[in-house]
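Enquirer: Predicted model and sequence below, questions to follow.
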Amino acid sequence: MIDYVSTRDTGIRVRSGKAVLDGQASDGGLYVPQSLDDIRTDYHDAIKGGFRDMAKAVWKVFFDDYGADKTDELVEKSYRDKFAAPEITPLAKVRASSGDAYVLELYHGPTSAFKDVALSALPNLLSASREMNGFTDDIMILTATSGDTGSAAIAGFSDVPGTGIIVFYPYGGVSDTQRLQMVTAAGSNVTACAIRGNFDDAQTGVKKLFREIPHPVSGVSLSSANSINIGRLVPQIVYYFSAYAQLLEKGAIKDGDKVDFIVPTGNFGDIMAGYFALMMGLPVGKLVCASNKNDVLTEFLNTGHYNRKREFWKTTSPSMDILVSSNLERLLYYVCGPEHTLSYMKQLEECGEYSVTSSELDEIKSIFEGVCADDSEGAAAIKSVFERDHYLMDTHTSIAWACMEKAGLSDAAATVVLSTASPYKFSAAVLEALGEELTGSDEGNMKRVREITGVPVPAGLAGIFEKPVVHDGVIDTADMKAYVIEKCSE
């Protein structure tokens, strides 16, 4: 039996269903399994069968109070016939400058981004949690997005009974395709709203709303679809097992060999899922945290100093344009303990920075490596990989690829780069990286990339430009509270 506790206070203790339902602990901390010993398992049991079988094995470890039969049902409901690739997260071999690497394609879901893997699951987990906990209130999902979470959350929660969702995204801070995926969403229970500010402003605002808005409000309780919700994070663990199983099937590794993973990340959720996979027992070597010009995580992983008091850069990899990486708090809990974590989070909120101890940093560096690359290095990676191997990457995957080239291939048996989105979600930047002129519109850029590369446009993106805009709100962060209360009352 696994107890979930707040990263800031182990006295706050719930079972997994309640942790999913709440989204965030009452003290502002994030829910985590109290002890890593509780999740340790024989990884061989988790790599049998296909992706859905692996998901069932992983979910049963983390969501033990749902019951085995219910878990099997939820996995099937979440993943059957929803992804374009039969493997759900297929693995592609791609040539690097110093040897072969593998790209784990996480973007074959409804909105062509890795968030689909988790956000196809979370609505089902949440609905089951309501039943388990005898919860009768309606639920409003509050979500901040740097680009891809919003459209994936809207797709997942659209028209789910008893549930509404509000997505806040940074005005001018996402690609036009990402924006259109959100603002053209026609679900009767969904709202997308731009905020004047960056993703950190949106994320901080959402976290404050959980503390400041009484539960319930107008008979509606609040929850989250961001990776601060453990129900969003756990499904992401599965594709690390999937990558390992596919490497074994391809004969690229032998059973027990270690595999390095290069993870483009801003909020530290995707790479935290890799940490959980390692702690479960999967033979993971290094977890390389790949950052863009907003390199706050690179500095932290190399020096132990976290400092959000820096210039914020808008880059061609907008989903990584983040200075406050929420999921890092989960790692701090396991390395530093709840008392230090509470202290560090308080320092971050009040002073904008904190530093871990040298021994804590040593433990973190034994697993993680921080590397960063800028837009030009990411663009160069798109161009060189396409020319060398006719493989097309998006702007986030290319940052990870550039970071892998910087770090160099280790002595691990294989290296896997996590590919987080279809290149067609960032057609303008991809087109420029290939050395081509922009057409003047995202629709034209998408068509031009298709002409040049021959790579098919995902079905979910092909008709996005013909859909009418139904969500055109733009507000200040100071107005988020009133906005949410109004939507709950509706």
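Expert: Yep, it's here.

Enquirer: Which SSE is immediately downstream of the longest helix along the chain?
Expert: Secondary structure assigned by DSSP state H gives helix 328-351 as the longest helix of the chain. Per DSSP states H and E, the first helix or strand lying C-terminal to helix 328-351 is strand 353-355.

Enquirer: Tell me the first helix or strand C-terminal of that next one.
Expert: Strand 353-355 is succeeded, C-terminally, by helix 358-365 (DSSP H and E).

Enquirer: which residues are contacting that following helix?
Expert: 301-304, 331, 335-336, 340, 356 (Cβ atoms under 8 Å, 6 or more residues apart in numbering). From N, CA and C alone the C-beta is placed, and that goes for glycine too.

Enquirer: what separates it from the chain centre, distance-wise?
Expert: Relative to its chain's centre, helix 358-365 lies at 24 Å (Cα atoms, centre = their mean, to the nearest Å).

Enquirer: And it, what's buried?
Expert: 360-361, 364 (16 or more other Cβ atoms under 10 Å).

Enquirer: which one of these sits closest to residue 292?
Expert: Distance ranking of the buried residues of helix 358-365 against residue 292, using Cβ to Cβ, places residue 364 first at 20.6 Å.

Enquirer: burial count for residue 57?
Expert: 22 (other Cβ atoms under 10 Å).

Enquirer: which stretches of the stretch 251-400 of the chain have low pLDDT?
Expert: Applying pLDDT under 70 to the stretch 251-400 of the chain picks out no residues at all.

Enquirer: hmm, try it at 90
Expert: Along the stretch 251-400 of the chain, segments meeting pLDDT under 90 span 266, 318-319.

Enquirer: Please, where are all the helices along it?
Expert: 269-280, 296-303, 328-351, 358-365, 375-389, 395-407 (DSSP state H, counting those that start in this stretch).

Enquirer: Kindly reformat those as a markdown table and extend each row with distance to residue 261.
Expert: Output for the helices of the stretch 251-400 of the chain, formatted as a markdown table (distance: least, Cβ to Cβ, whole Å):
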| stretch | distance to residue 261 |
| --- | --- |
| helix 269-280 | 5 |
| helix 296-303 | 14 |
| helix 328-351 | 15 |
| helix 358-365 | 16 |
| helix 375-389 | 17 |
| helix 395-407 | 9 |
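
Enquirer: what angle sits between the longest helix of the chain and helix 358-365?
Expert: With axes from the mean of the first three to the mean of the last three Cα atoms, to 10 degrees defining the directions, helix 328-351 sits at 140 degrees from helix 358-365.

Enquirer: Of the helices of the stretch 251-400 of the chain, which is nearest residue 286?
Expert: Going by Cβ to Cβ, the one of the helices of the stretch 251-400 of the chain nearest residue 286 is helix 395-407, 8.4 Å.

Enquirer: What segments of the stretch 201-350 of the chain are strands?
Expert: With DSSP state E, counting those that start in this stretch as the criterion, the stretch 201-350 of the chain has strands at 220-224, 259-264, 284-291, 305-307.
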